[in-house]
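1. next input, structure requested:
(chains A and B)
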Amino acid sequence: MAWEKRRNRRYYYRSYRDPITGKVRKEYIGAGAAGEEAARQDAALRAEKAAQRRKEQVAEQRYETAHSALLALIQGCDTITKAALAEAGYYQHHRGEWRKRHAKKTNKE
Amino acid sequence: MPKKQTKNEDELSASQQAEPNASDSPKNAAQVEEGNKMQAQMARRAKVNASFECLRERANRGDPNARATLVKFLNANPALWHKFGEMACHAETALVEAITDGEWLTTQAIRRRAAELRRELSRPSQSLLEELAVQRFVACWVQLQFVDSKCAQADGESSRAKLWLQRQQQAHKLYAAAEKSLLLVRGLMPPTVQLAAAAKVDVTVNTAETDGAEPKEKSNESAETPSVAVTETPSESAMGVNRIAHLADDLDQNARDAGVVTPDGKRRINGHDLKGQIARVDP
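-> This next block holds a predicted model:
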């Protein structure tokens, strides 16, 4: 999207990617007032997209912060739960289910 | 090793040689001394952190000694429990802020809904461990709601939509893990057993035993009577119990689908009938 200067006159062209061929194409908009108006509209659109992108980045950052806090909580909870279960006499069978460790029988009877 | 030691010694001697030049005036000497103290403190802290991380990894791998040491450490430092409580609060607040983008009314609504869920899931005589599991569950639930809404908003084929889809899968996994953890704590460690285990640990801390073999046997004795604990705690919050019973039903259904059910129709999780314990509490 730019102004092009030819024979001391400015012409506004809008470039876009052809959805069928995938190549970049230029569309002639016009010179003078029409070109100025199109340039203003394009600039506003670009600014809006940039603001949207910034907003999304901030949201992403917030989500990442929250997610890392949640992961830290989960890791801590897991460690504490495992420690408490081990203390209560359980063990994890093949990293899977928790089983009770039974005391061995004596031959006094 | 010897090479490292000689290198460290060289560095130390070099710093000692550099000291007199830096300490021309008393102010500089004080500053250098403070700097050395700070460095020593930081080194000590780094060493403690490294050993703690090592212990944590060992506990995660299933080392019973490391876990016993961690339990003793937690008992000796109750501030850590508070820290985890704050972490739960922080995680939930951060998630709610991420969802609402600072919009006051929505923030209040989501916080109230989370508090309601927490209330439904809580029991009158629940332990700290159970409370922590409930907080984790609620935080995961908030995250799942957020990610689900984002997935619904995103376009079908954009890269952003794929990213949110991945996050949705991750959030589902975390939610399922939180649910499983809560059921595990409720199923295997009824409140009185947890209290008894904590009491045993306190005893071990006081007597400063390092093996932890005898206390485990004692805690086994206390854990062998869960029925007393369950009958002692009739639930006042029927909603919460029903919800947990419902979750247990879901797990049972999954187990039936997977064929992990005993012939008498009971599901034996970790050697205990999980649903049975919950059903006994159900009014």
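2. chain B: helices as residue ranges?
-> Using DSSP state H, the helices of chain B run over B:2-22, B:26-61, B:64-76, B:78-100, B:104-121, B:128-153, B:159-188, B:191-207, B:213-223, B:226-232, B:238-258, B:274-281.
3. compare the mean pLDDT across the ones you listed and name the weakest.
-> Of all these, the minimum mean pLDDT falls on helix B:226-232 (a mean of 33).
4. what about the spatially closest residue to residue A:27 that is not a sequence neighbour, which helix or strand?
-> Nearest-residue entry for residue A:27: residue A:14, 4.8 Å, with adjacent residues in sequence omitted and distances by CB to CB, 6 or more residues apart in numbering or on different chains. In short, each C-beta sits where N, CA and C put it, glycine included. Assessed by DSSP states H and E, residue A:14 sits inside strand A:9-17.
5. the helix or strand just after that strand: which residues count as buried?
-> From strand A:9-17 onward toward the C-terminus, using DSSP H and E, the following helix or strand is strand A:24-30. Residues of strand A:24-30 classed as buried by neighbour count (16 or more other CB atoms under 10 Å in any protein chain shown): residue A:29.
6. angle of strand A:24-30 against strand A:9-17?
-> Put simply, strand A:24-30 runs at 140 degrees to strand A:9-17, going by axes from the mean of the first three to the mean of the last three CA atoms, to 10 degrees.
7. and strand A:24-30, how far out from the chain's middle?
-> In this view, strand A:24-30 has its centroid 33 Å away from the chain centroid, taken as CA atoms, centre = their mean, to the nearest Å.
8. quick one: mean pLDDT for the very next helix or strand once past it?
-> Downstream of strand A:24-30, the next assigned helix or strand under DSSP H and E is helix A:32-87. Averaging pLDDT along helix A:32-87 gives 89.
9. got a list of what residue A:54 touches?
-> For residue A:54, the contact set (CB atoms under 8 Å, 6 or more residues apart in numbering or on different chains) is empty.
10. so who does the closest residue to chain A within chain B touch?
-> Among the residues of chain B, residue B:94 lies nearest to chain A; the distance is 3.6 Å by CB to the nearest CB. Taking CB under 8 Å, 6+ apart, we find residue B:94 in contact with A:62, A:65-66, A:69-70.
11. how about a cut-off of 6 Å?
-> Neighbour list for residue B:94: A:65-66, A:69 [criterion: CB atoms under 6 Å, 6 or more residues apart in numbering or on different chains].
12. count the neighbours of residue B:97 for me.
-> Other residues near residue B:97 number 17, with proximity taken as other CB atoms under 10 Å in any protein chain shown.
13. give me the number of residues near the closest residue to it other than its chain neighbours?
-> Nearest non-adjacent residue to residue B:97, counting by CB to CB, 6+ apart: residue A:62, 6.3 Å away. Residues lying near residue A:62 (other CB under 10 Å) number 17.
14. cool, residue B:139 as well?
-> Using other CB under 10 Å, residue B:139 has 31 other residues around it.
15. for it, what are its contacts?
-> A:70, B:91-92.
16. now with 10 Å?
-> Contacts for residue B:139 (CB atoms under 10 Å, 6 or more residues apart in numbering or on different chains) come out as A:66, A:69-70, A:73-74, A:77, B:87-96, B:114, B:118, B:174-175, B:178.
17. what do you get for residue A:28?
-> Contact analysis of residue A:28 by CB under 10 Å, 6+ apart lists A:4, A:11-14, A:35.
18. neighbour-wise, which one of these leads?
-> Greatest neighbour count in the contacts of residue A:28, by other CB under 10 Å, goes to residue A:12: 21 neighbours.
19. now that residue: closest residue in space, sequence neighbours ignored.
-> Closest residue in space to residue A:12, ignoring its immediate chain neighbours: residue A:35 at 3.2 Å, by CB to CB, 6+ apart.
20. gap between the one you found and chain B?
-> From residue A:35 across to chain B, the span is 32 Å (CB to the nearest CB, to the nearest Å).
21. thought that residue was touching residue A:5?
-> No. Residue A:35 is beyond contact range of residue A:5, at 11.8 Å (criterion: CB atoms under 10 Å).
22. which residues do those two both contact?
-> With contacts taken as CB under 10 Å, 6+ apart, residue A:35 and residue A:5 have residue A:11 as neighbours in common.
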